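> output the structure for:
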Amino acid sequence: MKTLALTAALLVTASAAMADGGHAHADDWEIGRPGNPADVTRTIEVDMFEPESGGMAFSMSQIDVTTGETIRFVVTNKGYLDHEMVIDTMDGNAEHAQVMMMKPDMVHHDPNAVRLAPGETGEIVWTFSQTGNFEFACLIPGHMESGMHGPLNVN
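Below is the predicted model of the structure:
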């Protein structure tokens, strides 16, 4: 009976950790934490596409938010190729980009990222609890280098 109770307690704890992206504490992320959709204070729409002039782009060249805001990013791939949006520190994105070079078809299950096929729309809900200068980027090999990145400033 004790084993059953312990197993149930471990499953509940693991489920809670998974619901929070595997991060047990709100301060585990330098840029903040996964947000609760019920706490959204603002929605920012971001399109991803390949401009006629060449390269690849986000519809926003910069994103500015305020500490304490919970933002719902509604991300739409209006391009012809798969794209993704990842919000992180510049170092975190650089490290992740290196991993993506080795595994370009990597599927993200991270709460700070969304990968979309052409025509798809997805969301990231994020609470920005830390001030600083961060980054949003598409880390599919070659995309960031083709222009798909920008500053994410938390004031």
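> can you pull up the bridge partners for the residue nearest to Asn77 when sequence neighbours are not counted?
Leaving aside its chain neighbours, Asn77 sits nearest to Leu116 (4.0 Å; criterion: C-beta to C-beta, 6 or more residues apart in numbering). C-beta coordinates here come from the backbone N, C-alpha and C atoms, glycine included. Note on Leu116: beta-bridge partners by DSSP bridges are His83.
> how many residues are close by Leu116?
Residue neighbour count, defined by other C-beta atoms under 10 Å, stands at 19 for Leu116.
> swap in Thr131?
When neighbours are defined as other C-beta under 10 Å, Thr131 has 15 of them.
> you'd agree it is up against Gly68?
No - contact criterion C-beta atoms under 8 Å: Thr131 and Gly68 do not qualify, at 10.0 Å.
> coming back round to it: was I right to think the residue nearest to Asn77 contacts Gly122?
Yes - counting by C-beta under 8 Å, Gly122 is a contact partner of Leu116 at 5.3 Å.
> shared neighbours, those two?
Common contacts of Leu116 and Gly122 (C-beta atoms under 8 Å, 6 or more residues apart in numbering): Val75.
> what do Thr131 and Gly68 both touch?
With C-beta under 8 Å, 6+ apart, Thr131 and Gly68 have no common neighbours.
> and the next helix or strand past the worst-scoring helix or strand of the chain on mean pLDDT?
One helix or strand of the chain scores below all others by mean pLDDT, DSSP states H and E: helix 2-19, with a mean of 38. Sequence order places strand 33-34 as the next helix or strand after helix 2-19, per DSSP states H and E.
> so where's the protein shaky on pLDDT?
The model of the chain has pLDDT under 70 over residues 1-28.
> swap the cut-off to 80 and go again
1-28, 104-108 (pLDDT under 80).
> which residues touch the residue nearest to Asn77?
Met48, Val75, Thr76, Asn77, Asp82, His83, Glu84, Gly122.
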